[in-house]
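Participant: Just to be clear, the model below is a prediction. Sequence and coordinates:
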Amino acid sequence: MPRRLKSSKEVARDVAIQAIYRLYSLAVEAVRRGKLDYARYLIREADEIRRLTRLRKPVVLRRGVCKNCGAPLVLGVTARVRLVRDGRVTRRVVTCLICGYRHRYIVRVRRPEDHEEPLEAEGDSTAGSSRRDYRQERA
């Protein structure tokens, strides 16, 4: 069966996505070399390509770029990452070392079933039975 040819719109979209990812990787390399202004310029160009082709923001532009100053977030160079637990919620806090802006992303929300008791060890008669076992015995 012959393969379906892509429309010119799909080809343009693919080329735009490849260009955005390439510009982002060049921006990260520029930051590592110490050229922050050039890196910001590359990020602006990538965002302009995205806008012209009417694409959604890819993950690298959403999570990998500071929303405040537009610098690429490179761990140890322009970003610091912490995990913060707040009750049931664990957040990843990325701090931009250029402007100090904090990006907070929810990593995990704990559910009550995550806090179940550990399973009993085999042959351990001293461990109490769980509630489910007790209810089944009563019935």
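Facilitator: Structure's in. What do you need? Keep in mind it's a predicted model, so treat the numbers as computed, not measured.

Participant: in the chain, which spans are helices?
Facilitator: 8-33, 36-52, 59-63, 131-138 (DSSP state H).

Participant: Now do the third one: which elements does it pack against?
Facilitator: Contact partners of helix 59-63 among helices and strands, from 3 or more Cβ pairs under 8 Å, 6 or more residues apart in numbering; DSSP states H and E: helix 8-33, helix 36-52. Heads up, the C-betas are built off the backbone N, CA and C, glycines and all.

Participant: and the first one, which residues are buried?
Facilitator: Which is helix 8-33. Neighbour counts over helix 8-33 (16 or more other Cβ atoms under 10 Å) mark Ala16, Ile20, Leu23, Tyr24, Leu26, Ala27, Val28, Ala30, Val31 as buried.

Participant: How about the shortest one?
Facilitator: Neighbour-count burial for helix 36-52, counted by 16+ other Cβ under 10 Å, picks out Leu36, Ala39, Arg40, Leu42, Ile43, Ala46, Asp47, Ile49, Arg50.

Participant: of all those, which comes closest to Ala12?
Facilitator: For the buried residues of helix 36-52, the closest approach to Ala12 (Cβ to Cβ) belongs to Ile49, at 10.4 Å.

Participant: residue ranges with poor pLDDT in the chain?
Facilitator: 1-2, 113-139 (pLDDT under 70).
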